[in-house]
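K.L.:
give me coordinates for this.
(one chain, ligands or ions: 1)
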Amino acid sequence: MTFTNEALTDFTVSENVDAYRAALSEVRSRLGADYPLTIGGEKHETGDWIESHNPGRTTELVGRSARGGPPEIDRALAAAWEAFRSWSARSMEDRIDLVRRLADVMRSRRFELAAWMTFEAGKNFAEADADVAEAIDFCEYYAHQAPGLAGEHETYPSPGESNTSMLVPLGAGAVISPWNFPLAIFTGMAVGPAVVGNTLVLKPSPDTPIVAQMFIECAEAAGFPPGVFNLVTGADADIGDYLVDHARTRFINFTGSLTTGIRINQRAATVHPGQLWIKKVGLEMGGKDALIVDETADLDYAARMAVASGYGFGGQKCSAMSRLIAVESIHDELVDRFVALAEELEVGPADENPDFSALINERARDKSLHYIDIGNETATMLAGGAPGPDGGHYVTPTVFADVSPDSKLAQEEIFGPVVSIIRARDFDDALGIANGTMFGLTGGLISNDRARLDRAKREFEVGNLYLNRKITGAFVGLQPFGGLRLSGTTVKAGGPYYLRQYLAEKTIAEKL
Ligand code: NAD
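P.N.:
Okay, the predicted model is just below:
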């Protein structure tokens, strides 16, 4: 069986829009429900809740998910280790079969799952639809990759001895995921380790617990046995460090911000009493992603790609373009086109399918507004810079020009709709500026100069380089995703080496 990416829905077709609206109405009628934790296949309430609100209509309660604490983490890890014995002993084919069934369940609930993300994460139709498609892709891609990792293989023949090597799962690990791809990243981080025999404690972001609950519903419908996926929702302060520090956590699969990733990496290095391993930590973190446009580029096209890269989902993608680097000779012309397009973008509640919606929470909006204040003091504002409509955490598409490459605006991840335009003398200067941050996640060049495109391949220090296209929207399998430098530990989600990271090699020598 070959792997192909799930097709994205075409929302220029009115039937698709109608079907999506129908899913929104259906999901709206189910908003506000309570969801328990799932530990060892059992539902568990704690008497306390975390509330999830629609970021674009903050009075709308999406749902309440039980607030877990340390006792629930203890129980979840115990359940995961209990399940590990039988799950790791099952054949790879069995586990692959379940992962493929999970993909089928998600396909059958495609618009409904997307609609939950429209309400909980503020994703417009296309962004939410792509998130579900990517979740399905992770299931299918890892199911496709797993068979190659099964079985015992001879190292090489040796007289009088059999020497073999096999890959064995690590044990019970933690998935600590971000809110911005609440189904896709969450699913990929869970299903990858699981398909090769590990069991998991899933700790989603407190901003998107209800989408995580939908994942559990899908996994149960697919027939996963109890204890493979244990869901503990809760507040970071209650369970974040506790799960990372726990002596029974075998590995940590983390995607999120640099600050949290560094904290996790440091804490996970400590070996606690009773701990039998060095924890394996995989970190996918942030970016300060740059798109370079040179004087050979088609400027209309470049401006369109830059706007799509900078403001898709309000800049709340780790791959989002937050720096647009323009060479001197075309700078002003590109800026005019870019600003004109940015000003056309519509901002509003996600269920009305605007270009982008509210930022995820008040903290995110305040963070963008804080950087806008900094920009007002250190750069030239050309567009936006204001809170958007009432009723949600909105910020309008914001453009700053004359941004100094070393300024805070150009160095720190904002994770909102704030783009810094930086003027470069020439292509050499632009490449130096692009490489001049601590991050190395995505980057791109729009140019018609072959030699420069080739140089970018060699010298642009990013995990995902995009030439003559937008710098967001990586497809599973096609474009394995993850960054260099402080953007991550080169985990490369959706890539051919991903599953291997959740396996240990065991060598067996037998005298014949
Ligand atoms: P975040 O770091 O605030 O949270 C990520 C996860 O860590 C959440 O589940 C959160 O609850 C948890 N967490 C917070 N404090 C913790 C602690 N002390 N111990 C354990 N867990 C803790 O990030 P976010 O706001 O959810 O996501 C946005 C960030 O994620 C951005 O920086 C973005 O660039 C990054 N991101 C990276 C990728 C990638 O593939 N490289 C993909 C998506 C998002």
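
K.L.:
break the protein down into its domains, please.
P.N.:
If you go by automatic domain parsing, the domain ranges for the chain are 14-285+490-511, 289-474.

K.L.:
now do the last one: distance to the chain's middle.
P.N.:
Think domain 289-474. Chain-centre distance of domain 289-474: 19 Å, with CA atoms, centre = their mean, to the nearest Å.

K.L.:
any idea which of the domains of the chain gets closest to Ala7?
P.N.:
Among the domains of the chain, the nearest to Ala7 by CB to CB is domain 14-285+490-511 (7.4 Å). Any C-beta I mention is one placed from the backbone N, CA and C, and that applies to glycine too.

K.L.:
between the two ends of that closest one, what distance do you get?
P.N.:
End-to-end distance of domain 14-285+490-511: 69 Å, with CA to CA, to the nearest Å as the criterion.

K.L.:
could the domains of the chain go into JSON lines alongside mean neighbour count?
P.N.:
Converted to JSON lines, the domains of the chain look like this (neighbours: other CB atoms under 10 Å):
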{"stretch": "domain 14-285+490-511", "mean neighbour count": "20"}
{"stretch": "domain 289-474", "mean neighbour count": "21"}
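
K.L.:
residues from the chain in reach of the ligand?
P.N.:
For the chain, the residues in contact with the ligand (CB under 6 Å from any ligand atom) are 176-181, 185, 203-206, 236, 240-241, 244, 255-257, 260, 263-264, 284-287, 318, 413, 415, 441, 481-483, 487-488.

K.L.:
can you rerun that using 5 Å?
P.N.:
By CB under 5 Å from any ligand atom, the residues of the chain that approach the ligand are 176, 178-179, 205, 236, 240-241, 255-257, 260, 284, 286, 318.

K.L.:
for these, work out which two are farthest apart.
P.N.:
Most distant of the residues of the chain next to the ligand, by CB to CB, are Asp241 and Cys318, 23.0 Å apart.

K.L.:
in this structure, where is pLDDT below threshold?
P.N.:
Across the chain, nothing is flagged by pLDDT under 70.

K.L.:
and the closest residue in space to Arg485 that isn't next to it in sequence, what does it touch?
P.N.:
Closest residue in space to Arg485, ignoring its immediate chain neighbours: Gly440 at 3.5 Å, by CB to CB, 6 or more residues apart in numbering. The contact partners of Gly440, taken as CB atoms under 8 Å, 6 or more residues apart in numbering, are 287, 461-463, 483-487.

K.L.:
how is Leu61 assigned, secondary-structure-wise?
P.N.:
Classification of Leu61 by DSSP: H, G, I helix; E, B strand; the rest coil places it in strand.

K.L.:
surely it meets Gly32?
P.N.:
Yes: in this structure, Leu61 is within contact of Gly32 by CB atoms under 8 Å, at 4.7 Å.

K.L.:
leaving out chain neighbours, which residue sits closest to Phe356?
P.N.:
Gly314 (4.0 Å).

K.L.:
actually Ala456, sorry about that
P.N.:
Leu445 (4.5 Å).

K.L.:
still on that earlier bit, any idea how far the ligand is from the residue nearest to Arg485?
P.N.:
As judged by CB to the nearest ligand atom, to the nearest Å, Gly440 and the ligand stand 11 Å apart.

K.L.:
beta partners of that residue?
P.N.:
Residues in a beta bridge with Gly440, per DSSP bridges, are Leu484.

K.L.:
any idea how far it lies from Asp289?
P.N.:
Using CB to CB, to the nearest Å, Gly440 is found at 9 Å from Asp289.

K.L.:
okay, and the common contacts of the two?
P.N.:
Residues within reach of Gly440 and of Asp289 at once, by CB under 8 Å, 6+ apart, are Val462.

K.L.:
so what's the residue of the chain most remote from its centre up against?
P.N.:
Distance from the centre of the chain peaks at Gly160, with 50.2 Å (CA atoms, centre = their mean). Residues counted as contacts of Gly160 (CB under 8 Å, 6+ apart) are 511-512.

K.L.:
same check, this time on the one 10 residues further on
P.N.:
Shown here is Leu170, whose contacts under the criterion CB under 8 Å, 6+ apart are 193, 198, 250-251, 277, 280, 502-504.

K.L.:
and with 7 Å instead?
P.N.:
Counting by CB atoms under 7 Å, 6 or more residues apart in numbering, Leu170 touches 198, 250-251, 280, 502-504.

K.L.:
and the two most separated of those residues?
P.N.:
Longest span within those, CB to CB: Arg250 and Leu503, 12.0 Å.

K.L.:
you'd agree Phe254 is in a helix?
P.N.:
No: under the criterion used here (three-state DSSP), Phe254 is strand, not part of a helix.

K.L.:
my guess is it contacts Arg263. True?
P.N.:
No: with contact defined as CB atoms under 7 Å, Phe254 does not reach Arg263; the gap is 10.0 Å.

K.L.:
looking at the contacts of Leu170, which is nearest the ligand?
P.N.:
Phe251 (13.8 Å; CB to the nearest ligand atom).

K.L.:
for Ala504, see how far away the closest one is.
P.N.:
In this structure, Phe251 and Ala504 are 10 Å apart, going by CB to CB.

K.L.:
ok, the closest residue to Arg28 other than its chain neighbours - contacts?
P.N.:
In this structure, Arg28 finds its nearest non-sequential neighbour in Phe119, 7.4 Å apart by CB to CB, 6+ apart. Phe119 is in contact with 27, 31, 54, 62, counting by CB under 7 Å, 6+ apart.

K.L.:
these: which two are farthest apart?
P.N.:
Among those, Val27 and Asn54 lie farthest apart (CB to CB), at 11.1 Å.

K.L.:
next step: the contacts of Leu170 restricted to strands.
P.N.:
Assignment to strands by DSSP state E places the following of those there: 251, 280, 503-504.

K.L.:
now name the helix or strand holding Leu324.
P.N.:
Using DSSP states H and E, Leu324 maps to strand 321-327.

K.L.:
residues contacting the helix or strand following that strand, please?
P.N.:
Next helix or strand after strand 321-327 toward the C-terminus (DSSP H and E): helix 328-344. With CB under 7 Å, 6+ apart as the test, helix 328-344 has contacts from 293, 295, 299-300, 302-304, 306-307, 311, 324, 326, 382-383, 397, 399, 401, 421, 423-425.

K.L.:
residue contacts, Glu42?
P.N.:
Contacts of Glu42 by CB under 7 Å, 6+ apart: none found.

K.L.:
pull the contacting residues for Ile414.
P.N.:
Listed by CB under 7 Å, 6+ apart, the contact partners of Ile414 are 322, 367-368, 371.

K.L.:
do you know how far it is from Leu24?
P.N.:
Distance from Ile414 to Leu24, counting by CB to CB: 29 Å.

K.L.:
quick check on the residue nearest to Phe356: phi, psi?
P.N.:
Note on Gly314: backbone dihedrals following degrees, to the nearest 10 are phi 60, psi 30.
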